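J.: Sequence and predicted model, in that order:
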Amino acid sequence: MGFFVTGLIIGFVVAVPVGPIGLLCINRAISGRPAYGLFSGLGVATADAIAGGIAVLGLTLVSDFLIAQQAWLHFIAGVFLCYVGLRTFSARPAGKTASAQEGSLTSAYASTFFLTFTNPVTILSFVAIYAGWGVENLSGDYLSAALLTSGVFVGSALWWIILSVALMGYGPEFAPPGLRWVHRISGVIITGFGLVVLLDL
């Protein structure tokens, strides 16, 4: 269980910093739809776990491909972030009784998974973290790699569950005008991140 606990800690630590994707998850959670925010976070957790598995197994074919295609991936991610940001900015506050439907939950999960996994920095960050943590290449040791990867997912998912539960009570407190400003501020910041990614090309 040592690898699982190590992965759990690493997954939790990696998930805590709030970037554009984290802000998107928070915005979705306080829009009166905590399940929407949770599924967004689970998309991030899944991408983190896969990236962590690729890094620890030394699957250079996959990581090298993502790194080689990083210009296109950054372009696509930048455009998508701008799209999500503008859509968030113009979103109309949902009523208190609004609930996330199955289709929107799938979309929430898929969108954050795509944004996280297509970023080559995600895999490279796990390589650096494993090196600093003393985790060796587990190529061929699939049981240990599976335990570590499962731990990363659980750790990351745990953070998003805690955050979603913590924000659950805030959504109803926002009147439509206040929630509209939450959407606008979040939209501007997310769009700004997208523009930074595009300009960085």
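T.: Sure, I can see it. Numbers count the residues shown, from 1 in each chain.
J.: For the residue positioned nearest the centre of the chain, give its distance to L115.
T.: Closest to where the C-alpha atoms of the chain average out (CA atoms, centre = their mean) is V44, at 3.0 Å. Distance of V44 to L115, computed by CB to CB, to the nearest Å: 8 Å. Quick note: C-beta positions are derived from backbone N, CA and C, even for glycine.
J.: Name the helix or strand of the chain that has the lowest mean pLDDT.
T.: helix 60-68 (a mean of 60; mean pLDDT, DSSP states H and E).
J.: could you point out which element follows it?
T.: helix 70-89 (DSSP states H and E).
J.: average pLDDT across that next one?
T.: For helix 70-89, mean pLDDT rounds to 74.
J.: That one packs against which elements?
T.: helix 20-29, helix 102-117, helix 176-199 (3 or more CB pairs under 8 Å, 6 or more residues apart in numbering; DSSP states H and E).
J.: Can you get me a residue count around A128?
T.: Neighbour count for A128, taken as other CB atoms under 10 Å: 12.
J.: so what's the closest residue to T88 other than its chain neighbours up against?
T.: Sequence neighbours aside, G187 is the residue nearest to T88 in space, at 3.9 Å (criterion: CB to CB, 6 or more residues apart in numbering). G187 makes contacts with 85-91, as judged by CB atoms under 8 Å, 6 or more residues apart in numbering.
J.: how about a cut-off of 10 Å?
T.: 23-24, 27, 84-91 (CB atoms under 10 Å, 6 or more residues apart in numbering).
J.: ditto for G43
T.: 21, 25, 106-117, 160.
J.: sec struct for the residue of the chain most remote from its centre, please.
T.: Among residues of the chain, the one most distant from the C-alpha centroid is G140; the distance is 28.2 Å, by CA atoms, centre = their mean. Assigned by DSSP: H, G, I helix; E, B strand; the rest coil, the conformation of G140 is coil.
J.: got a list of what it touches?
T.: By CB under 10 Å, 6+ apart, the neighbours of G140 are 57-58.
J.: What are the phi and psi values at it?
T.: phi 100, psi -20 (degrees, to the nearest 10).
J.: got a pLDDT number for it?
T.: 75.
J.: Kindly calculate the angle that the host helix or strand of G52 makes with helix 102-117.
T.: Using DSSP H and E, G52 maps to helix 34-57. Note on geometry: by axes from the mean of the first three to the mean of the last three CA atoms, to 10 degrees, helix 34-57 and helix 102-117 are set 30 degrees apart in direction.
J.: Find the nearest non-adjacent residue to A110, please.
T.: Looking at A110 with CB to CB, 6+ apart, the closest residue is G43, at 6.5 Å.
J.: so who does the closest residue to A49 other than its chain neighbours touch?
T.: The shortest distance from A49 to any non-neighbouring residue, by CB to CB, 6+ apart, is to F153 (3.6 Å). F153 makes contact with 7-8, 11, 42, 45-50, 52-53, according to CB under 10 Å, 6+ apart.
J.: so how far is L24 from F153?
T.: 19 Å.
J.: Could you do T122 as well?
T.: 16 Å.
J.: between these two, who's got more neighbours?
T.: L24 (27 against 21).
J.: okay, the contacts of F153 in a markdown table with pLDDT next?
T.: Converted to a markdown table, those look like this (pLDDT from 0 to 100):
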| residue | pLDDT |
| --- | --- |
| G7 | 91 |
| L8 | 93 |
| G11 | 90 |
| L42 | 94 |
| A45 | 94 |
| T46 | 95 |
| A47 | 93 |
| D48 | 92 |
| A49 | 93 |
| I50 | 92 |
| G52 | 89 |
| G53 | 88 |
